[in-house]
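Visitor: Below: sequence and its predicted model.
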Amino acid sequence: MNIFIGVIITLGTLFVLLAAVGLIRMPDTYLRISVNTKAATLGVGLLLGGVAFYFYDLSTTSRTFVIVLFLFLTAPVGAHLIGRASYFIGNKLWDKSKMDDLQGKYQKNSHVLKSEIDDTPEDNVDHTKM
Amino acid sequence: MTLVEYCRIVILPVLAFSVILILIRFFRGPSIADRIVALDLLITTGIGIIGVYTITSGSSTLLDTGMILALIAFLSTVALSYYLERRSKKK
């Protein structure tokens, strides 16, 4: 049982470390958001799972389950909000990114998302010429 | 080597090293969105450290603090991105 807990905790620590290295190495705000919301959440989930297996009683298991559930529910919402905000304040994509799916679809002044490219001047965000 | 010693000798220093890496990004981040992401990841790593410290100390009291920290991390991310978006919005 202790070996199993050790393996789980080692995997979780590895994921958290890889998330930290990715936060340093990634060239773009959006890629950093993706690191934050995937690798770190999985790592902390594995760590708390190890804690639940170590104590093996109801109160600890319920508390770790609540923490993991809350993290899994709130990570996509927070990532979406911060990605949207950083798109509006004009963070550029990485210059080796192939395409920008939202180019010209978010209206700059009213912050409304349209489903086709609207070419009215001074009202759409263009990240290639900003 | 027991599990508690393994956590204290191997796991906690690795987590502390990753906290240092995240702090480098927090102080160096080019835009304010990078700093917010780094802050969120810092609190998430802190919850992991709280979990490992629960194993080494043997008492599970500190997990309540982890719950509060998860809530505060989500709340701070939502509030900061809300004001960041409203700052760039014109009427």
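Guide: Great, that's in hand.
Visitor: Could I get the full set of helices for chain B?
Guide: B:3-6, B:12-28, B:32-57, B:63-87 (DSSP state H).
Visitor: Can you show me the helices along chain A?
Guide: Listed in chain order (using DSSP H), the helices of chain A are A:2-25, A:29-55, A:58-88.
Visitor: re the thing from before, same list (the helices of chain B) but as JSON lines, adding mean pLDDT.
Guide: Shown next, in JSON lines, are these (pLDDT from 0 to 100):
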{"stretch": "helix B:3-6", "mean pLDDT": "89"}
{"stretch": "helix B:12-28", "mean pLDDT": "93"}
{"stretch": "helix B:32-57", "mean pLDDT": "92"}
{"stretch": "helix B:63-87", "mean pLDDT": "90"}
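Visitor: Just say which of those is most tucked in.
Guide: Highest mean neighbour count of these: helix B:32-57, a mean of 22 (counted as mean count of other Cβ atoms under 10 Å in any protein chain shown). Placement of C-beta: from N, CA and C, glycine included.
Visitor: which non-adjacent residue is nearest the residue nearest the centre of chain A?
Guide: Centroid-nearest residue in chain A, with Cα atoms, centre = their mean: A:T37, separated by 2.5 Å. Take A:T37 and drop its neighbours on the chain: the residue closest to it by Cβ to Cβ, 6 or more residues apart in numbering or on different chains is A:A79, 4.0 Å away.
Visitor: got it, and A:F53?
Guide: In space, A:F53 is closest to A:I5, 5.2 Å off (Cβ to Cβ, 6+ apart).
Visitor: try A:L48
Guide: Leaving aside its sequence neighbours, A:L48 sits nearest to A:T64 (Cβ to Cβ, 6+ apart; 4.3 Å).
Visitor: I figured the one you found was touching B:L62, is that so?
Guide: No: assessed by Cβ atoms under 8 Å, A:T64 is found out of contact with B:L62, at 11.7 Å.
Visitor: Give me the more crowded residue out of these two.
Guide: A:T64 (25 against 13; other Cβ atoms under 10 Å in any protein chain shown).
Visitor: which ones are touching that one?
Guide: By Cβ atoms under 8 Å, 6 or more residues apart in numbering or on different chains, the residues touching A:T64 are A:48-49, A:51-52, B:51, B:63.
Visitor: Can you lay out the residues you listed as TSV showing distance to A:M26?
Guide: Listed next are those as TSV, based on distance: Cβ to Cβ, whole Å:
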residue	distance to A:M26
A:L48	25
A:G49	26
A:V51	29
A:A52	31
B:G51	25
B:L63	31
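Visitor: which of the residues you listed sit farthest apart?
Guide: Of all pairs drawn from the contacts of A:T64, the one with the longest distance (Cβ to Cβ) is A:G49 and B:L63, at 12.9 Å.
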